[in-house]
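Enquirer: Here is my input, please return the structure:
(chains A and B)
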Amino acid sequence: MLRARIVLGLYILFLLLPIYWLVNMSLKTNAEIVSGLTLWPHKLTFENYTRIFTDSSWYSGYLNSLQYVALNTVLSIALALPAAYAFSRFRFVGDKHLFFWLLSNRMAPPAVFALPFFNLYSAIGLFDTPLAVALAHCLFNVPLAVWILEGFMSGVPREIDETAYLDGYSFPHFFVKIFTPLVASGIGVTAFFCFMFSWVELLLARTLTSVDAKPIAATMTRTVSAAGMDWGLLAAAGVLTIVPGALVIWFVRNYIAKGFALGRV
Amino acid sequence: MDKPVNQGAWLLVLPVVLIVAFSAIVPLMTVVNYSVQDTFGNNQFFWNGIGWYQELLDPTTELGGRFFDALWRNLLFSALILSIEVPLGIAVALSMPREGWRVAATLVILALPLLIPWNVVGTIWQIFAREDIGLLGWVVNRLGIPYNYTADPLSAWVTIVVMDVWHWTSLVALLCYAGLRSIPDAFYQAARIDGASRWAIFRNIQLPKMHRVLLIAVLLRFMDSFMIYTEPFVVTGGGPGNSTTFVSIDLVKLALGQFDLGKAAALSIVYNLVILAVCWVFYTVMTRMDAGRS
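Expert: Residues are numbered from 1 along each chain as shown, chains lettered A, B, ... in the order given. Sure thing, here's the model as predicted:
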């Protein structure tokens, strides 16, 4: 038991140290950062954070990011629900190949798609909108959502479907009123993973936006100025990008293990 | 369990097929189109047939040499991080508390690196490993070990591998933990009565239960490390020299940096096919295992 605690303790220390260092740096003045290594801020300052919250070119980055992440999560789940139901309940021509083809898109390197996406979304006039990024992230999030939801739906006994038909429910009515609530926890887990993968992806998000829909993570590159790196500001922006993720984990902490238990990430 | 055959199910799948086709097939067609042409700018294109592919697959040419270098680098990277992350992930999963408030707390801390945007992960390590203002770089240099990831290729590799271990070991650990949780307590009690050693419990009870999730963990880590782009790009920009230029970094350099569309497109297709082939092998093995079990 003791050995287990040591392993886990060391691992958690390893996880938290770099994050602590970032937080530490975000609370220092630039003068203190450059002048030498200090283990905690000697001259505590919140100036870096104030600058982000009062400058619209900074905080609009957060709003843009949250906008396309939310849009993508809703889109992915709405599209994946009926498809996952079909895969979990029926056999049809080409079902296995279709499933593999969908999954293979989860494995496609975003770098391959950066340039063609740029051409495609410029051509249809969606370039630099949150919708473009949300649609582009569907490439890997829709297959993922189908995969996770299919796992949860297969766990719901098929007798429920049959009973509902005998009771005279139409398919749409049954699906919305009875079936969807039964897989609510599955939808929660799916939403978590869609949020996660859309939130952390940057290559596509940055390629598809220039000014209006620029994600926060791309805005951060601006901290390099003529006067050198603005380390404090960079660190503060970094800390703020960790916060939404941490909040989401806190809300779904009891479902995480279940989602991973299906082994479908 | 036999599912009924119902061709009408295609209607339910159709929206997904349409959106994925829109975001996968249409762009891929553009890539295929570019890969057989040459351009001198001004939107003038010339038919080049399989010329780019021949150049790409021939290690003696400039393009081919570059591609194979990046490919071997990428494979070495994947092998390194898999051989560290999988055992470490298992060790962490085995050390997880079983009950109480500490379970939730540990889960939250473990999942934290997974939800940090990838370029911020790069930024964190870029700062943390610097010799002047970063804790890690400063301490290592103070210990008398020369360490500078912007000048020394070995330091750059160490930084990137440690960063990936920091970033993704939790995924392996969480997957294994989920697998371990599905073991009923009765198994452990039986093992205790039989006087099984710690190793015997691991080998005969825990490892078989983690078998499937481990396979998925290896698959995911292989795929994601094979297409890694953002994190090393932020930390080293592919340098010093080309020592940390992985396939994705090279591809973006070719496509968006040099606008060598033909070469970049041919590279994309080959890169995609390599990943697809590995993915197919894993998928087949997994479905076979499932079929063998039920």
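Enquirer: When you work out contacts or count neighbours from here on, use the C-alpha atoms and nothing else.
Expert: Noted.
Enquirer: ok, which stretches of chain B are helices?
Expert: Across chain B, reading from the start of the chain, the helices by DSSP state H fall at B:9-20, B:26-35, B:51-56, B:62-95, B:101-111, B:118-128, B:135-142, B:153-181, B:185-193, B:198-201, B:207-226, B:230-235, B:247-252, B:261-293.
Enquirer: Can you add distance to chain A, mean neighbour count and mean pLDDT and give the ones you listed back as a markdown table?
Expert: Rendered in a markdown table, the data for the helices of chain B read as follows (distance: least, C-alpha to the nearest C-alpha, whole Å; neighbours: other C-alpha atoms under 10 Å in any protein chain shown; pLDDT from 0 to 100):
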| stretch | distance to chain A | mean neighbour count | mean pLDDT |
| --- | --- | --- | --- |
| helix B:9-20 | 4 | 18 | 88 |
| helix B:26-35 | 5 | 18 | 83 |
| helix B:51-56 | 16 | 19 | 78 |
| helix B:62-95 | 4 | 19 | 90 |
| helix B:101-111 | 6 | 17 | 85 |
| helix B:118-128 | 5 | 24 | 89 |
| helix B:135-142 | 7 | 17 | 87 |
| helix B:153-181 | 4 | 22 | 89 |
| helix B:185-193 | 15 | 12 | 86 |
| helix B:198-201 | 11 | 12 | 86 |
| helix B:207-226 | 5 | 19 | 82 |
| helix B:230-235 | 7 | 23 | 86 |
| helix B:247-252 | 6 | 24 | 86 |
| helix B:261-293 | 5 | 17 | 79 |
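Enquirer: CSV for these, including distance to A:K177?
Expert: Converted to CSV, these look like this (distance: least, C-alpha to C-alpha, whole Å):
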stretch, distance to A:K177
helix B:9-20, 17
helix B:26-35, 36
helix B:51-56, 54
helix B:62-95, 39
helix B:101-111, 32
helix B:118-128, 39
helix B:135-142, 55
helix B:153-181, 31
helix B:185-193, 37
helix B:198-201, 46
helix B:207-226, 33
helix B:230-235, 43
helix B:247-252, 45
helix B:261-293, 32
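Enquirer: what's the neighbour count on A:F175?
Expert: Counted by other C-alpha atoms under 10 Å in any protein chain shown, the residues lying close to A:F175 total 18.
Enquirer: Also B:G241?
Expert: B:G241 is flanked by 13 other residues according to other C-alpha under 10 Å.
Enquirer: That one and B:F68, how far apart?
Expert: Applying C-alpha to C-alpha, to the nearest Å, one obtains 16 Å for the distance of B:G241 from B:F68.
Enquirer: which regions of chain A sit below the pLDDT cut-off?
Expert: Within chain A, the segments meeting pLDDT under 70 span A:221-228, A:256-265.
Enquirer: And the residue of chain A closest to chain B?
Expert: Per C-alpha to the nearest C-alpha, the residue of chain A with the smallest distance to chain B is A:V200, at 3.6 Å.
Enquirer: is stretch A:152-165 anywhere near chain B?
Expert: No: judged by C-alpha under 8 Å from any C-alpha of the partner chain, stretch A:152-165 stays clear of chain B, getting no closer than 9.7 Å.
Enquirer: ok, and for that stretch, which residues are buried?
Expert: Buried positions in stretch A:152-165, judged by neighbour count with 16 or more other C-alpha atoms under 10 Å in any protein chain shown: A:152-153, A:161, A:164.
Enquirer: residue in the stretch 51-200 of chain B nearest to chain A?
Expert: The stretch 51-200 of chain B approaches chain A most closely through B:P117 (3.6 Å), counting by C-alpha to the nearest C-alpha.
Enquirer: what sits against the most centrally placed residue in chain B?
Expert: In chain B, the C-alpha closest to the average C-alpha coordinate belongs to B:D224, at a distance of 1.9 Å (C-alpha atoms, centre = their mean). Under the criterion of C-alpha atoms under 8 Å, 6 or more residues apart in numbering or on different chains, the contact list for B:D224 reads A:M107.
Enquirer: Now stretch B:219-234 - C-alpha only, PDB.
Expert: C-alpha atoms of stretch B:219-234 as PDB (Å, rounded to 0.1, in the frame of the first residue of the first chain):
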ATOM      1  CA  LEU B 219      -3.600   2.000 -30.600                       C
ATOM      2  CA  LEU B 220      -4.600   5.600 -29.500                       C
ATOM      3  CA  ARG B 221      -1.100   6.500 -28.300                       C
ATOM      4  CA  PHE B 222       0.400   5.100 -31.500                       C
ATOM      5  CA  MET B 223      -1.900   7.000 -33.800                       C
ATOM      6  CA  ASP B 224      -1.700  10.300 -31.900                       C
ATOM      7  CA  SER B 225       2.000  10.200 -31.500                       C
ATOM      8  CA  PHE B 226       2.400   9.300 -35.100                       C
ATOM      9  CA  MET B 227       0.500  12.500 -36.100                       C
ATOM     10  CA  ILE B 228       1.900  14.700 -33.400                       C
ATOM     11  CA  TYR B 229       2.300  18.300 -34.600                       C
ATOM     12  CA  THR B 230       1.400  21.200 -32.200                       C
ATOM     13  CA  GLU B 231       3.400  20.300 -29.100                       C
ATOM     14  CA  PRO B 232       6.900  19.800 -30.500                       C
ATOM     15  CA  PHE B 233       6.300  22.600 -33.000                       C
ATOM     16  CA  VAL B 234       5.700  25.100 -30.100                       C
END
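Enquirer: Tell me who's in contact with A:W40.
Expert: Listed by C-alpha under 8 Å, 6+ apart, the contact partners of A:W40 are A:N24.
Enquirer: Apply 10 Å and report the result again.
Expert: A:W40 is in contact with A:20-21, A:23-25, A:27-28, counting by C-alpha atoms under 10 Å, 6 or more residues apart in numbering or on different chains.
Enquirer: Same check on B:A186?
Expert: Under the criterion of C-alpha under 10 Å, 6+ apart, the contact list for B:A186 reads B:R192.
Enquirer: same thing with A:I6?
Expert: When the contact criterion is C-alpha under 10 Å, 6+ apart, the partners of A:I6 are A:12, B:95.
Enquirer: hang on, it in a strand?
Expert: No: under DSSP: H, G, I helix; E, B strand; the rest coil, A:I6 sits outside any strand and is assigned helix.
Enquirer: now it: how far from B:A111?
Expert: Separation of A:I6 from B:A111 (C-alpha to C-alpha) stands at 19 Å.
Enquirer: I figured A:V74 hits A:A191, correct?
Expert: Yes: contact between A:V74 and A:A191 holds when scored by C-alpha atoms under 10 Å: they sit 8.0 Å apart.
Enquirer: Looking at those two, which one has more neighbours?
Expert: Using other C-alpha under 10 Å as the criterion, A:V74 and A:A191 rank with A:A191 on top: 19 against 16.
Enquirer: Surely that one and A:T73 touch.
Expert: Yes: judged on C-alpha under 10 Å, A:A191 makes contact with A:T73 at a distance of 6.0 Å.
Enquirer: what residues do these two have in common as contacts?
Expert: Both A:A191 and A:T73 are in contact with A:141, A:145, where contact means C-alpha under 10 Å, 6+ apart.
Enquirer: Is A:L16 in contact with B:T106, as I believe?
Expert: No: the pair formed by A:L16 and B:T106 falls short of the contact definition of C-alpha under 10 Å, at 11.8 Å.
Enquirer: who touches both of these two?
Expert: Common contacts of A:L16 and B:T106, defined by C-alpha under 10 Å, 6+ apart, comprise B:L112.
Enquirer: And the strands in the stretch 151-265 of chain A?
Expert: Along the stretch 151-265 of chain A, counting by DSSP state E, counting those that start in this stretch, strands occupy A:224-225, A:228-229.
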